[in-house]
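In: fold the following for me, if possible:
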Amino acid sequence: MLKVLAGEARGRMLKTLPQEDLSIRPMLGRMKKSVFDILQFKIFDCSFLDLYAGVGSVGIEALSRGAKSCVFAELAAASLKLIKQNIDMLGFADRAKIIHCDIIKDFALLQNKYDIVFAGPPYKDANKKMLSLTKPTLQNIVRFEILKKDSILLSQRHKTEFIGAIDGLNLFRSEKYGDTIIDFYRSSL
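Out: Numbering: from 1, shown residues only. Modelled structure (predicted):
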């Protein structure tokens, strides 16, 4: 069960995919709480981008905590439907935009500048093969110049996925949660 942890929608439950659909793994509550505790002074009135949005729990948490807007980018039709249902149910439709796109191939659809970007690509495909989408996603973020000078970029990845240095980004913090690592970046451009 997914719920909103804080803000105006605190405690509200989100609609999710059936348990047997393992292609989308929402961020665990303790990890989401930790991340938003770190971001607490940057969220209010920010523009937020939720890449690989799943059912929208990260972006919805940002909206609940006072983000002025959130763009949800997702490819899966079932997820897009749930994002819409969740933002409508919580009354966030006026501050949300949903974009149906392949984050790697259609990144140009996301051109705008954002205060906070969260990228949570899937780790594995349906056949349990590692996807390694994090590095190309980070490279697209730099290439399409969507970060403001003082923006924060959060990138969620499996602990075995090696990223290395990304031209245009400065890694300033990493947090480990079990098999998951969340890297925090700022633009170096």
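In: list the contacts of the lengthiest strand in the chain.
Out: If you go by DSSP state E, the chain has its longest strand at strand 147-158. Here strand 147-158 makes contact (CB atoms under 8 Å, 6 or more residues apart in numbering) with 27, 35, 39, 42, 113-121, 123, 130, 134, 137-138, 141, 163, 169, 179-187. Using the backbone N, CA and C atoms, a C-beta is placed for each residue, glycine as well.
In: one more pass at 6 Å, please.
Out: Contacts of strand 147-158 with the rest of the structure, by CB atoms under 6 Å, 6 or more residues apart in numbering, involve 113, 115-120, 123, 134, 179, 181-185, 187.
In: of all those, which two lie farthest apart?
Out: Spanning the widest gap among these are Lys113 and Asp179, at 32.3 Å by CB to CB.
In: more neighbours: those two, which one.
Out: Per other CB atoms under 10 Å, whichever of Lys113 and Asp179 has more neighbours is Lys113, with 13 against 10.
In: the nearest residue to that one once chain neighbours are set aside: neighbour count?
Out: In this structure, Lys113 finds its nearest non-sequential neighbour in Lys148, 5.0 Å apart by CB to CB, 6 or more residues apart in numbering. When neighbours are counted by other CB under 10 Å, Lys148 registers 15.
In: still on that earlier bit, just the buried members of the contacts of strand 147-158?
Out: Among the contacts of strand 147-158, those scoring as buried are 115-120, 123, 134, 181-185, 187 (criterion: 16 or more other CB atoms under 10 Å).
In: Ser34: what's it in contact with?
Out: The neighbourhood of Ser34, defined by CB under 6 Å, 6+ apart, contains no residues.
In: may I ask which helix or strand encompasses it?
Out: helix 29-43 (DSSP states H and E).
In: how about Gln139?
Out: helix 134-143.
In: buried sites along that helix?
Out: For helix 134-143, a neighbour-count test (16+ other CB under 10 Å) marks Thr134, Lys135, Pro136, Thr137, Leu138, Gln139, Asn140, Ile141, Val142 as buried.
In: let me know the outermost residue of the chain.
Out: Asn127 (23.3 Å; CA atoms, centre = their mean).
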